Every structure is written in structure tokens, then in C-alpha cells.
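[1] Would you be able to build a 3D model of this:
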Amino acid sequence: MIAGLLRLPLRRFEDERPKPTRQTNLSFSRQGVIRGLHYHERGQDDLFVCLEGTARVVVLDRASGETFTEDVGDDNPTAIYVPGIHAHGFEALTDVLFCYHVTEEYDPADPDEHGIPWDDPRVVDLWATRTPILSARDASS
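    Numbers count the residues shown, from 1 in each chain. Got it, this is the predicted structure:
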């Protein structure tokens, strides 16, 4: 064995409830960035994992108006599975490396990507900032 090389066997726990992952995305966001809220009409689900730093996940049930939020990452290494019909996003509470596994591949010719503004009255009080850094797409939602 090469010095310092580690082989880490993984255990697989199968579960028939979640859909299989079709694509994995990584994003780096500076503190103060909000990504979202997005939702998918055709049912793409997301599994959010903050690999480094701390992010606040926000989910809005568009039908009932019910909301969910949790800070995940360094101090709370928790994954959040979000059915894509719900509006979802995250805020970088620190600089973050964020991973999201999705159940459908992104199709630039026919994207299933819809938005709700970050400052929608149903969620605006869930964010830590009132002056987020937004992408052009999220700023136009």
C-alpha cells in the first residue's frame, strides 16, 4: 500500500422511495448569496448537501404556503431531500461548497426550471440577509 493512501469501503443502503440520481452539481457561493427559489413542474427532485461552510436551505410548499428551513453544513452535516414541485433554494451563511444531486438531467433546450422571488412574502423572513447577492436569473424571478 502506498504511504498515506486510504481505501475507504462504503456501505450502500438501498431505499426504494427516493428517485435515482441522474446528475450531480457542485456550486461555490460567497457569503450572502441566495440561489433560488426554484421549482420543477415535471418532478425533478433535489438532494442538497453543504460540503463546506454553512448554508440555509429554504423550501416553500407552493400549494399550502407551508415553509421549511434548516441550516446545514459544518455544524449540522445533514442532507435535505426536496421534491421538486416545492420551491427551494439556499443562502450561503458563510462561503460554501454546495452539492445537489438531481433526479433529472438538465436539458438546456427544454429546461424545467421555474422561479419564485427570494423576497416573496411567504419566505422573505426566513433568510438571514435582506440584501442578498443574486444571479441575473434569480434577480429576475
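[2] CA only for contacts and neighbour counts going forward, please
    Fine.
[3] so which helix or strand takes in the residue minimising distance to the centre of the chain?
    By C-alpha atoms, centre = their mean, the mean C-alpha position of the chain lies nearest to Phe48, the distance being 4.4 Å. In this assignment (DSSP states H and E), Phe48 forms part of strand 46-52.
[4] got it, and Arg12?
    Following DSSP H and E, there is no helix or strand that holds Arg12.
[5] and it, how many neighbours?
    6 (other C-alpha atoms under 10 Å).
[6] before we move on, the earlier item: could I get the strand holding Phe48 in CSV with only the CA atoms?
    Taking Å, rounded to 0.1, in the frame of the first residue of the first chain, the C-alpha atoms of strand 46-52 are listed here in CSV:
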residue,chain,number,x,y,z
ASP,A,46,-33.1,17.6,-5.4
LEU,A,47,-30.8,16.3,-2.6
PHE,A,48,-29.0,19.2,-1.0
VAL,A,49,-25.7,18.7,0.8
CYS,A,50,-23.4,21.5,2.1
LEU,A,51,-19.9,20.1,1.8
GLU,A,52,-18.1,23.0,3.3
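[7] So which elements touch it?
    Strand 46-52 sits against strand 67-73, strand 80-82, strand 96-102, with contacts defined as 3 or more C-alpha pairs under 8 Å, 6 or more residues apart in numbering; DSSP states H and E.
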